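Engineer: Structure here, sequence nowhere to be found:
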């Protein structure tokens, strides 16, 4: 029902449906009465038919008839065509105008500030500005009819009565108010009428109010209760609460309770005397009122009952409690019930002079007695306070002395503890230095003895073990002699002993690996000597079998590359050729050197305190014809951890340095140098061993050498070389 216009796109139609759905949800939340919702929908349909915006605003005010419905104006706005939205914003109450603001007014003597108020918590509404005097200080400061007062001089007024707000505004020369513009005023013609709201501003172009009545100051002032003009000269320091009746309220008009606010700053006092009621009518009543006093100005009379003072209930209080409550503050809020004790003072009211009732005589006696009791109570209270003060001073003095004693004891304790800790620290440092010297000397001795034989190393190991056992026994005996005070030190010694044992085990492990390598080298040397002797014996036998007995000159061993006239591999290859992207075996080795085998490049990560862990044989002066062959891979080494190097593989290159046609000692030296060189990885180019045992290959090659054939056959079962060389980068 809210769409208008002709053909629209599907997207725009969807957006309008969504806006209408959201609008219905908001209306459902704000308007509980279904008839009011129907009225609102009917007004919008009429507007879309007539397109008369002022009439729509006038009719909307009948629905938006309270401040809590003001947001409906914002909800209706999306349903207004764009061409009318600017005018719509001018006609409806501006949301920005409802933002809270601060105004300050200064009272100059008896001159009025120029505005009146209405409302209060007793009527269930806030405090609103009902009238502003033209050209007054209030109008010049921006105060308008329909403004709601939120705070006055820092005090929140949402739970204050009408008269309390008037008194608060009149009590100070400077009045600072926090306000916001609502544009509506609460209206209640009589006490029995229901509360309703009227707009203070007519719709532009319409001379009447939304309810059809012109809004004049007279109609506003005759609304909710009596409007008090702020800062008007008061008859006293207190004011009576607005009691919803027309005209000025009077204390004698019935026995309705009323509340008065009294500021006694700079005054001699309230100016009245009180007394307690008899047993059949307990309470606190006004006994006398001094002429010209504040009590007379605020309308207190003989027989008025004080129900409470500053929130303290006095309905069953005695004289002393009432006096304490009235003298406890310079600003009093008193709830008064007029003439509640009038019958107690009927003789005084009738003008019988000095004649008094028995009740009043009793009251005088009771008053004097109460005064004496109060003085005695105050004296006892002062004595008790002095005793408490002296006791507190004594306790504070004792606590301070105790604290000083504890601080001295704590200081002595800390000094003693610090001295003991210093002794322990010096002892630990000496032990640590001795231990470091011992470890350094042991390391030097181990390095000097690395080249000794296995038996001496085993003997030394046994001696070290015996020495370690002896040291352990001595340490154990020393630890047993330690007292309970040195438990922490003993734990540190035990930890150091464990670290020393771990280091000793690591050294034994490294020594065993070194001995194993020496044994393998010794075995290899023996095998080389045996092979040379066997070869010389076979050559000698062959020469003896020939017709002439003159032995031929010994044959010189020629490497395969030298015998076939093949170019030698350079001793160093550029590192760029060993990168995985540019690695090409055909550019690094000849077909004869490759011999149809699979060429791989291994990247082995170096680790501290770990060797490569391989044993190699061969070399240019061996029967393997210049090849360096892996004969064993140890489990503790990096090669075994990498997993790419196996027994029988030929090492052809190490970090760009050739391993072809060189002596075995030189090959071993290259491997050691490259392991110690800078860099995190060791690059090895290997030729993968054929699927047969290494011993069979060596045996076959040895037999070939013994028969006198100098031609060197590749260690492979393939007779021909393939043009495509298998390459694996690891």
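Structural biologist: Received the coordinates, thanks. Source: prediction; values computed, not measured.

Engineer: List the buried residues in stretch 193-202.
Structural biologist: Neighbour counts over stretch 193-202 (16 or more other C-beta atoms under 10 Å) mark 196, 197, 198, 199, 200 as buried. All C-beta spots, glycine's among them, are computed from the backbone N, C-alpha and C.

Engineer: typo on my end, it should be stretch 382-390
Structural biologist: Buried residues in stretch 382-390, counting neighbours by 16+ other C-beta under 10 Å, are absent.

Engineer: now that stretch, how far from the chain's geometric center?
Structural biologist: The chain centroid and the centroid of stretch 382-390 are separated by 51 Å under C-alpha atoms, centre = their mean, to the nearest Å.

Engineer: Is it correct that residue 332 falls within a strand?
Structural biologist: Yes. The assignment for residue 332 by DSSP: H, G, I helix; E, B strand; the rest coil puts it in a strand.

Engineer: picking that back up, closest one to residue 450 out of the buried residues of stretch 193-202, please.
Structural biologist: Of all the buried residues of stretch 193-202, residue 197 has the smallest distance to residue 450: 106.7 Å, by C-beta to C-beta.

Engineer: SS state for that closest one?
Structural biologist: Under three-state DSSP, residue 197 falls in the strand class.

Engineer: which ones are touching it?
Structural biologist: Shown in contact with residue 197 (C-beta atoms under 8 Å, 6 or more residues apart in numbering): 65, 66, 67, 184, 185, 186, 187.

Engineer: What's the PyMOL line that selects buried ones from these?
Structural biologist: PyMOL command restricting those to the buried ones, with burial defined by 16+ other C-beta under 10 Å:
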select buried, resi 65+67+184+185+186+187
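
Engineer: Please identify which pair of the contacts of residue 197 lies farthest apart.
Structural biologist: Maximum distance among these (C-beta to C-beta): 13.1 Å, for 67 and 187.

Engineer: Where is the longest helix in the chain?
Structural biologist: helix 358-448 (DSSP state H).

Engineer: Run through the neighbouring helices and strands of it.
Structural biologist: Applying 3 or more C-beta pairs under 8 Å, 6 or more residues apart in numbering; DSSP states H and E, one finds that helix 358-448 makes contact with strand 272-276, helix 319-326, helix 487-545.

Engineer: Mean neighbour count, these: which tops it?
Structural biologist: Most buried of the helices and strands packed on helix 358-448, by mean neighbour count (mean count of other C-beta atoms under 10 Å): strand 272-276, with a mean of 20.

Engineer: Just list what that one packs against, helices and strands only.
Structural biologist: Applying 3+ C-beta pairs under 8 Å, 6+ apart, we find strand 272-276 packed against strand 284-289, helix 319-326, helix 358-448.

Engineer: go with 7 Å
Structural biologist: strand 284-289, helix 358-448 (3 or more C-beta pairs under 7 Å, 6 or more residues apart in numbering; DSSP states H and E).

Engineer: who does the first one pair up with?
Structural biologist: Sheet pairing here is set by DSSP bridges, and for strand 284-289 it gives strand 272-276 (antiparallel), strand 305-309 (antiparallel).

Engineer: Distance from the chain centre to the last one, please.
Structural biologist: Pointing back at strand 305-309 there. Relative to its parent chain, strand 305-309 has a centroid offset of 54 Å by C-alpha atoms, centre = their mean.

Engineer: still on that earlier bit, for the strands paired with strand 284-289, which one sits closest to residue 419?
Structural biologist: Among the strands paired with strand 284-289, the nearest to residue 419 by C-beta to C-beta is strand 305-309 (69.4 Å).

Engineer: and the angle for that closest one with helix 319-326?
Structural biologist: When axes from the mean of the first three to the mean of the last three C-alpha atoms, to 10 degrees is applied, the directions of strand 305-309 and helix 319-326 differ by 60 degrees.

Engineer: so after strand 305-309, what's the next helix or strand?
Structural biologist: Sequence-wise, the next helix or strand downstream of strand 305-309 (DSSP states H and E) is strand 312-313.

Engineer: Quick check: mean pLDDT of stretch 304-322?
Structural biologist: Average pLDDT, stretch 304-322: 86.

Engineer: next one: stretch 412-420
Structural biologist: Stretch 412-420 comes out at a mean pLDDT of 80.

Engineer: hang on, the earlier thing: and which of the contacts of residue 197 is nearest to residue 668?
Structural biologist: Proximity of these to residue 668 (C-beta to C-beta) peaks at residue 67, which lies at 100.4 Å.

Engineer: Hmm, the closest one is touching residue 181, no?
Structural biologist: No. Residue 67 is not in contact with residue 181 according to C-beta atoms under 7 Å; the separation is 10.7 Å.

Engineer: Give me the phi and psi for the nearest residue to residue 339 once chain neighbours are set aside.
Structural biologist: Nearest non-adjacent residue to residue 339, counting by C-beta to C-beta, 6 or more residues apart in numbering: residue 303, 4.9 Å away. Dihedral angles phi and psi of residue 303 (degrees, to the nearest 10) take the values phi 90, psi -10.

Engineer: Could you tell me how many residues sit around residue 303?
Structural biologist: Around residue 303 there are 20 other residues, counting by other C-beta atoms under 10 Å.

Engineer: Same check on residue 373?
Structural biologist: 14.

Engineer: residue contacts, the nearest residue to it once chain neighbours are set aside?
Structural biologist: Leaving aside its chain neighbours, residue 373 sits nearest to residue 320 (6.7 Å; criterion: C-beta to C-beta, 6+ apart). Listed by C-beta atoms under 7 Å, 6 or more residues apart in numbering, the contact set of residue 320 reads 370, 373, 374.

Engineer: now residue 593
Structural biologist: The neighbours of residue 593, taking C-beta under 7 Å, 6+ apart as the test, are residue 660.

Engineer: pLDDT score assigned to it?
Structural biologist: At residue 593, the pLDDT value in this model is 86.

Engineer: Residue 710 too?
Structural biologist: Listed pLDDT for residue 710 reads 39.

Engineer: Can we start the residue count at 13 from this point?
Structural biologist: With the count now opening at 13, the last piece we talked about shows up as residue 722.

Engineer: Could I get the contacting residues of the closest residue to residue 84 other than its chain neighbours?
Structural biologist: Distances taken as C-beta to C-beta, 6+ apart put residue 76 closest to residue 84, at 5.1 Å, once the chain neighbours are dropped. By C-beta under 7 Å, 6+ apart, residue 76 lies in contact with 82, 84, 85.

Engineer: Which members of these are positioned in helices?
Structural biologist: Those of the contacts of residue 76 mapping onto helices are 84, 85, per DSSP H.

Engineer: can you redo the contacts of residue 76 as a markdown table with pLDDT, distance to residue 677 and neighbour count?
Structural biologist: Shown next, in a markdown table, are these (pLDDT from 0 to 100; distance: C-beta to C-beta, whole Å; neighbours: other C-beta atoms under 10 Å):
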| residue | pLDDT | distance to residue 677 | neighbour count |
| --- | --- | --- | --- |
| 82 | 83 | 103 | 17 |
| 84 | 86 | 103 | 19 |
| 85 | 84 | 103 | 19 |
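
Engineer: Redo the contacts of residue 76 as TSV? Include distance to residue 442.
Structural biologist: Shown next, in TSV, are the contacts of residue 76 (distance: C-beta to C-beta, whole Å):
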residue	distance to residue 442
82	88
84	90
85	90
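
Engineer: Pick out whichever of the contacts of residue 76 sits closest to residue 69.
Structural biologist: Ranked by distance to residue 69 (C-beta to C-beta), these are led by residue 85 at 8.9 Å.

Engineer: Disregarding flanking residues, what is the spatial nearest neighbour of residue 520?
Structural biologist: Residue 520 sits nearest to residue 473 (C-beta to C-beta, 6+ apart), 6.1 Å away.

Engineer: ditto for residue 171
Structural biologist: In this structure, residue 171 finds its nearest non-sequential neighbour in residue 133, 5.4 Å apart by C-beta to C-beta, 6+ apart.

Engineer: Right, I'll leave it there.
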